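Student: fold the stuff below for me.
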Amino acid sequence: MIIFEKKGSIAHITLNRPEKYNSINQELAFAIQSALDDCAQDKAIRAIVLTGTGKAFCAGQDLGEIVDPSGPPLNDIVSKHYNPIVMRIRDIELPVIAAVNGVAAGAGANIALACDVVIAKESASFLQAFSKIGLIPDSGGTYTLPRLIGQARASALMMLAEKVPAKEAMEMGMIYKSVPDEEYDGYVDKIANKLANMPTKGLAYTKKLLNLTATNNMEDQLALEHEYQTKAGMTADYKEGVNAFLEKRKAVFIGE
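Tutor: Below is the predicted model of the structure:
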């Protein structure tokens with residue numbers, strides 16, 4: 001269901017149901033959760049790449065599972081499959097890159113958008129497919145998408161279920177980067193390696209603060225910046241960064 005590989009300090013979680021466009025069923029959902037839990041416990045891992053095999057990143061829910069009388073009910077699919085994946089991505093103290101190799105639709109699109117850095121092939125696309133079958137966007141979509149592109153665009157894309165090519169998604173601020181297909185693999189590796197060699201705790205604190213901006217006022221956020229800047233200033237990587245700057249050399253961060 002997934003290919004889970006660790007290459008040095010980078011973990012690769014690859015959805016591996018290409019014949020189903022990497023649509024998510026119960027087994028795949030639990031496998032993703034387990035891999036993220038493994039990464040959270042492994043101190044050697046400093047960045048995660050989430051991607052798919054074949055033509056799709058992830059086509060969303062496997063609808064065959066929904067209509068299967070022996071399959072999980074829809075409310076369990078949301079509460080036990082998708083919500084835990086999104087919360088793990090947001091809570092894990094590591095940068096998570098969504099490497100979108102093809103179409104990302106429905107829950108697949110919103111799981112990608114929950115990641116810290118989204119890089120897509122130019123040939124890839126994003127689709128809020130839920131309205132086509134009478135459902136609402138899940139996997140954090142109603143939270144994430146309006147904050148990325150504004151409510152007007154998010155509302156239209158969710159209701160009209162229009163496909164957004166990767167380049168357009170980048171231009172509207174939905175994703176970080178759209179990359180020509182022939183440059184995509186090298187670019188993903190470059191960004192993953194860069195993040196894996198940066199001050200991991202500082203990145204984790206940044207992620208924590210970004211998670212809280214939607215519900216805090218300025219005063220609350222300033223107080224948290226004070227708290228977490230103090231914590232960041234106590235890390236070994238901060239000391240290394242300052243010393244490297246003063247000594248005019250490249251910093252060597254250890255993630256501590």
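
Student: which residue ranges form the helices in this structure?
Tutor: Using DSSP state H, the helices of the chain run over 26-41, 63-67, 74-76, 83-91, 107-113, 141-149, 151-160, 166-171, 181-196, 200-212, 218-232, 236-247.

Student: quick one: closest of the ones you listed to Thr53.
Tutor: Smallest distance to Thr53 across the helices of the chain (C-beta to C-beta): 12.0 Å, for helix 26-41. Where C-beta positions appear, they are placed from N, C-alpha and C, glycine not excepted.

Student: I'd like the average pLDDT over that closest one.
Tutor: The average pLDDT for helix 26-41 rounds to 98.

Student: now that helix: buried residues?
Tutor: By neighbour count on 16 or more other C-beta atoms under 10 Å, the buried set for helix 26-41 is Gln26, Leu28, Ala29, Phe30, Ala31, Ile32, Gln33, Ala35, Leu36, Cys39.

Student: mind putting those residues into JSON lines with distance to Leu74?
Tutor: Compiled in JSON lines, the buried residues of helix 26-41 are given as follows (distance: C-beta to C-beta, whole Å):
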{"residue": "Gln26", "distance to Leu74": "12"}
{"residue": "Leu28", "distance to Leu74": "17"}
{"residue": "Ala29", "distance to Leu74": "13"}
{"residue": "Phe30", "distance to Leu74": "17"}
{"residue": "Ala31", "distance to Leu74": "20"}
{"residue": "Ile32", "distance to Leu74": "19"}
{"residue": "Gln33", "distance to Leu74": "18"}
{"residue": "Ala35", "distance to Leu74": "24"}
{"residue": "Leu36", "distance to Leu74": "23"}
{"residue": "Cys39", "distance to Leu74": "29"}
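
Student: returning to that earlier point: and of the helices of the chain, who's closest to Phe253?
Tutor: Closest approach to Phe253 among the helices of the chain (C-beta to C-beta): helix 236-247, 4.5 Å.

Student: please identify the most buried of the helices of the chain.
Tutor: Across these, the average number of neighbours (mean count of other C-beta atoms under 10 Å) peaks for helix 107-113, which reaches a mean of 29.

Student: return the list of helices and strands in contact with that one.
Tutor: Contacts defined by 3 or more C-beta pairs under 8 Å, 6 or more residues apart in numbering; DSSP states H and E place helix 107-113 against strand 56-58, helix 83-91, strand 96-100, strand 125-127, helix 141-149.

Student: residue contacts, the spatially closest residue to Tyr228 that is not a sequence neighbour?
Tutor: Closest residue in space to Tyr228, ignoring its immediate chain neighbours: Tyr205 at 4.4 Å, by C-beta to C-beta, 6 or more residues apart in numbering. By C-beta atoms under 8 Å, 6 or more residues apart in numbering, the contact set of Tyr205 is Tyr228, Lys231, Ala232.

Student: pLDDT below threshold where in the chain?
Tutor: The model of the chain has no residue with pLDDT under 70.

Student: apply 90 and report the result again.
Tutor: 1, 66-67, 69-71, 214-215 (pLDDT under 90).

Student: how is it divided into domains?
Tutor: 2-196, 200-247 (automatic domain parsing).

Student: I figured Cys39 hits Asp91, correct?
Tutor: No - if you go by C-beta atoms under 8 Å, Cys39 and Asp91 don't touch, sitting 11.7 Å apart.

Student: need the helices of the chain in TSV (columns: distance to Ile2).
Tutor: Formatted as TSV, the helices of the chain follow (distance: least, C-beta to C-beta, whole Å):
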stretch	distance to Ile2
helix 26-41	5
helix 63-67	17
helix 74-76	20
helix 83-91	12
helix 107-113	13
helix 141-149	22
helix 151-160	28
helix 166-171	23
helix 181-196	17
helix 200-212	23
helix 218-232	33
helix 236-247	31
